[in-house]
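# mind looking at a prediction? Sequence and model below.
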Amino acid sequence: MDFAAYPGEVHAIVGDNGAGKSTMIKIITGIHRGDAGEILIDGKPMELRHDASESQERGIAVVYQDLALVECLDISTNMALGNLPRRWGVVLDRKRMDREAATALRDLKARVGDVRTPVGLLSGGQRQVVAIARAVRMDKPIILLDEPTAALGVRESAYVGDMFVQLREAGKAVICVSHDLEFVFKHADRITVLRLGRSIGTRKVSEVTRDEIIAMITGATPGDSMKEAS
């Protein structure tokens, strides 16, 4: 796997089932441990055998496909999990938690109702928005998203796409794993194709067609790494 992501761009990772997309996300975030190679952030290496806390310290926020939301808790609590604000280091600061959640959602122009609404009452698209807003609230320069439009309708997918515009304008480096090529071509700046656990090429969206990307995914065209090997 070989690719680079830059501030102020959306970099899509695409490939067939089993290509290694989600595994790549988990290696970057410390869920899985890489066997070889290196991960560089701002030119400085990160240990392959790092853990999730180190990836956050180095500036990485992630939204997994299952969203990792607690349905019985409200929006603001879900957004603060892992970093609950406290007064004097002891008492939960509920007002600050609600204020920070509302601010993050407002900055993303999100419409999900009151931040005290239980997540279990939200639609699939609204839950995706909350999960993305939680990552944004962490204020990390790199945001990874695994299948952000999976199981969403056209309208909800378009809303997630609007949030991508906000993230790009905020100067975030957005890495998005997706099987939805229509969404990718509408919102991404560059595309890296994975096949059988290898990255076989990266293309600018403005310089490639959907048919060319499909050919790279299926193996109809060999891809850059395959050409070099031959």
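Now that the structure is in, tell me what you want to look at.
# now the strands for this protein?
In the chain, the segments counted as strands under DSSP state E are 9-15, 39-41, 44-46, 60-63, 86-87, 91-92, 142-146, 173-177, 190-195, 198-204.
# what residues of stretch 203-219 count as buried?
Residues 203, 205, 208, 212-213, 216-217 are the ones in stretch 203-219 that count as buried (16 or more other CB atoms under 10 Å). Every C-beta, even on glycine, is put in place using the N, C-alpha and C of the backbone.
# who's in contact with that stretch?
Contact with stretch 203-219 is made by 14-16, 19, 181, 184-185, 188-191, 193, 195, 200-201, 220-221, 223, as judged by CB atoms under 8 Å, 6 or more residues apart in numbering.
# ok, stretch 141-150 next?
5, 7, 21-22, 25, 28-29, 41, 59-65, 128, 132, 135-136, 156-157, 160, 167, 171-180, 183.
# what's the spacing between G125 and I142?
When distance is defined by CB to CB, to the nearest Å, G125 is 24 Å away from I142.
# for the residue nearest the centre of the chain, name its beta-bridge partners.
Centroid-nearest residue in the chain, with CA atoms, centre = their mean: L145, separated by 1.7 Å. Beta bridges link L145 to V63, C176, judged by DSSP bridges.
# and it, how far is that from I28?
Between L145 and I28 the computed distance is 12 Å (CB to CB).
# common neighbours of these two, please.
Common neighbours of L145 and I28, counting by CB under 8 Å, 6+ apart, are absent.
# rewinding a little: make CSV out of the buried residues of stretch 203-219 and add distance to P85 and pLDDT.
CSV is the format used below for the buried residues of stretch 203-219 (distance: CB to CB, whole Å; pLDDT from 0 to 100):
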residue, distance to P85, pLDDT
R203, 43, 95
V205, 39, 96
V208, 45, 95
E212, 48, 94
I213, 43, 95
M216, 46, 94
I217, 44, 94
